[in-house]
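1. Model the following, please.
(chains A, B and C)
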Amino acid sequence: MRKHKRLDRTFYTRTDVLQIGKDLLGKVLVSNIDHQISSGIIVETEAYRAPDDKACHAYLNRFTKRTSIMFEEGGHAYIYLCYGIHHLFNVVTASSGMAHVVLIRAIEPLENIKLMLNRRGLAQVKPQLTAGPGVMSKALGLSKKYNGIDLTSADSSIWIEDHGIEVANTNIIKSPRVGIDYAEECALWDWRFRIKNNPYTSKAR
DNA sequence: CGAATGATCGGCT
DNA sequence: GCCGATCATTCGA
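-> Here you go, the predicted structure:
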């Protein structure tokens, strides 16, 4: 039994995806893969919101097999393979029918750092261990195989805990999202959130 | 059925 | 700072 409580359904089903993105900072992402637990504090997130967000896969509520998970009720995991190599971990929010998601971009290693180093093939801890959506997933052992699981289910392999870490508003930095230039004006929206002065966020800009 | 494309990372210059 | 890897998914024919 874990010491800390999992976030429950009501956390995820709120309608303001930007607020959820901010609230997730300081929460702890945990994975239990092959009976091995590893975890980290969420330090950087990014919000995506259909139908008006061109950067979102479900822009204009485009409904395909891949995006269908985004229309599920909040609390599910949307894991997507990017550039053929990287698994990106997202949390589905809002109620079913609303394709709102939060991309978890970086964590600060917490439990079982040794296992994470192993998965990453690194010898010692450095920010690049978990600073970035692709490497973070790799460190925690997340992959497409877990796409669509329910984070609030008692027996899921991935979940998010509240360790009572408070992140003051003044310690949250907002900035534009990157890597989505094709999204035109949407690329300018300040929908990326990170904890100020945390070395495990991806490079500041 | 075939072709284009991307919410990134790491290595090289 | 820039460039290439690499494949599931999507869309058009």
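2. Tell me which residues of stretch A:76-83 come out buried.
-> Buried residues in stretch A:76-83, defined by neighbour count with 16 or more other CB atoms under 10 Å: A:H76, A:A77, A:Y78, A:I79, A:Y80. Placement of C-beta: from N, CA and C, glycine included.
3. touching DNA strand B at all, the longest strand seen in chain A?
-> Longest strand in chain A by number of residues (criterion: DSSP state E): strand A:36-49. Yes - on the criterion CB under 7 Å from any atom of the strand, strand A:36-49 is in touch with DNA strand B at A:E46, A:Y48.
4. What are the buried residues along that strand?
-> In strand A:36-49, counting by 16+ other CB under 10 Å, buried: A:S38, A:S39, A:G40, A:I41, A:I42, A:V43, A:E44, A:T45, A:E46, A:A47, A:Y48, A:R49.
5. Spatially, what comes nearest to the third one if we skip its sequence neighbours?
-> Leaving aside its chain neighbours, A:G40 sits nearest to A:I107 (3.2 Å; criterion: CB to CB, 6 or more residues apart in numbering).
6. give me the beta-bridge partners of that neighbour?
-> For A:I107, the beta-bridge partners are A:I42 (DSSP bridges).
7. which parts of chain A sit against DNA strand C?
-> Counting by CB under 7 Å from any atom of the strand, chain A comes close to DNA strand C at A:R62, A:T64, A:K65, A:R66, A:T67, A:L81, A:Y83, A:G84, A:I85, A:K144.
8. do that again at 10 Å, thanks
-> When proximity is defined as CB under 10 Å from any atom of the strand, chain A approaches DNA strand C at A:57-60, A:62-69, A:79-86, A:134, A:144, A:147, A:203, A:205.
9. same for DNA strand B: which of those residues are within range?
-> For DNA strand B, the contacts drawn from the residues of chain A next to DNA strand C by CB under 10 Å from any atom of the strand are A:57-59, A:66-67, A:69, A:79-86, A:134, A:203.
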